[in-house]
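J.: Give me a 3D structure for the following:
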Amino acid sequence: MEHFFQKLYVEMYPRLVRQAAFLLGDPVAAEDAAQEAFARLHHTGLSSIQNPSGWLVKVTNNICYDYLRSEGSRRRREEKTFRQFYADSFATAAPSAETSVLDREIFQLVHRALERLQPRDRMLLLLKFSGYSYGEIAEAVDINKGSVGTLLARARERFKREYQSQE
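T.: The predicted model follows:
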């Protein structure tokens, strides 16, 4: 059983960190969320869970939601993401002032549009654009696999409306 747990950790940890990083915008908090999910799995026990991978995705989402609910954490996440965005853009090449302003404006529009979405819509979009399959998304969000496409299309429309309403 311990060998299976280790194998699962090697396989799922990077995916969970990536998933949490997209939700939280903070790589350190994302690693903490993934670690916490595995700690809960170890505490619960593999034998009592039918689909450990799906369980880990769902638990990681819940941990991230709990983290995001805290107003102070949200504020720190936004500030850190904003600083990282500019550090990354200045580290590659010195963009023109116009490009920097446009990049910053687009980043802020996308960020605000995502914030205005319901958590499930935001999660659907982030998981889809992180490379998760419909089956994995269905397990993570606890919906029927056949509903994923429809819910994603609706989430995209809501995102589009929120984004365009800011322009």
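
J.: Let me see the domain layout of the protein.
T.: What automatic domain parsing lists as the domains of the chain is 1-73, 95-167.

J.: pLDDT (mean, whole number) over stretch 108-125?
T.: The pLDDT scores in stretch 108-125 average 84.

J.: Can you name the element that comes right after the lowest-mean-pLDDT helix or strand in the chain?
T.: Ranked by mean pLDDT, DSSP states H and E, the helix or strand of the chain with the weakest confidence is helix 71-92, at a mean of 59. Downstream of helix 71-92, the first helix or strand assigned by DSSP states H and E is helix 97-116.

J.: worst average pLDDT in the domains of the chain?
T.: Lowest mean pLDDT within the domains of the chain: domain 95-167, a mean of 83.

J.: check which helix or strand covers the residue nearest the centre of the chain.
T.: Centroid check for the chain by Cα atoms, centre = their mean gives Leu23 as the closest residue, at 2.8 Å. Leu23 is part of helix 2-24 when elements are defined by DSSP H and E.

J.: the inter-axis angle of the helix or strand following that helix versus helix 2-24?
T.: Later in the chain than helix 2-24, the nearest helix or strand by DSSP H and E is helix 27-44. Angle, helix 27-44 to helix 2-24, by axes from the mean of the first three to the mean of the last three Cα atoms, to 10 degrees: 140 degrees.

J.: Contacts for helix 27-44, please.
T.: Helix 27-44 is contacted by residues 5, 8-9, 13, 16-21, 23-24, 49, 52, 55-56, 59-60, 63-64, 67, 73, 77 when judged by Cβ atoms under 8 Å, 6 or more residues apart in numbering. The C-beta positions use only the backbone N, C-alpha and C, and glycine is treated the same way.

J.: mind redoing it with 7 Å?
T.: Residues from elsewhere that reach helix 27-44 (Cβ atoms under 7 Å, 6 or more residues apart in numbering): 5, 9, 13, 16-17, 20-21, 24, 52, 55-56, 59-60, 63-64, 67.

J.: Pull out the CA atoms of that helix and give them to me as CSV.
T.: Written as CSV, here are the backbone C-alpha positions of helix 27-44 (Å, rounded to 0.1, in the frame of the first residue of the first chain):
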residue,chain,number,x,y,z
PRO,A,27,3.4,28.7,-6.1
VAL,A,28,4.3,28.4,-2.4
ALA,A,29,0.6,28.2,-1.3
ALA,A,30,0.0,25.8,-4.2
GLU,A,31,2.7,23.4,-2.9
ASP,A,32,1.2,23.7,0.6
ALA,A,33,-2.2,22.8,-0.8
ALA,A,34,-0.9,19.8,-2.7
GLN,A,35,1.0,18.6,0.4
GLU,A,36,-2.1,19.1,2.6
ALA,A,37,-4.2,17.0,0.1
PHE,A,38,-1.7,14.1,0.4
ALA,A,39,-1.6,14.4,4.1
ARG,A,40,-5.4,14.1,4.2
LEU,A,41,-5.2,11.1,1.9
HIS,A,42,-2.6,9.4,4.1
HIS,A,43,-4.8,10.2,7.2
THR,A,44,-8.0,8.9,5.5
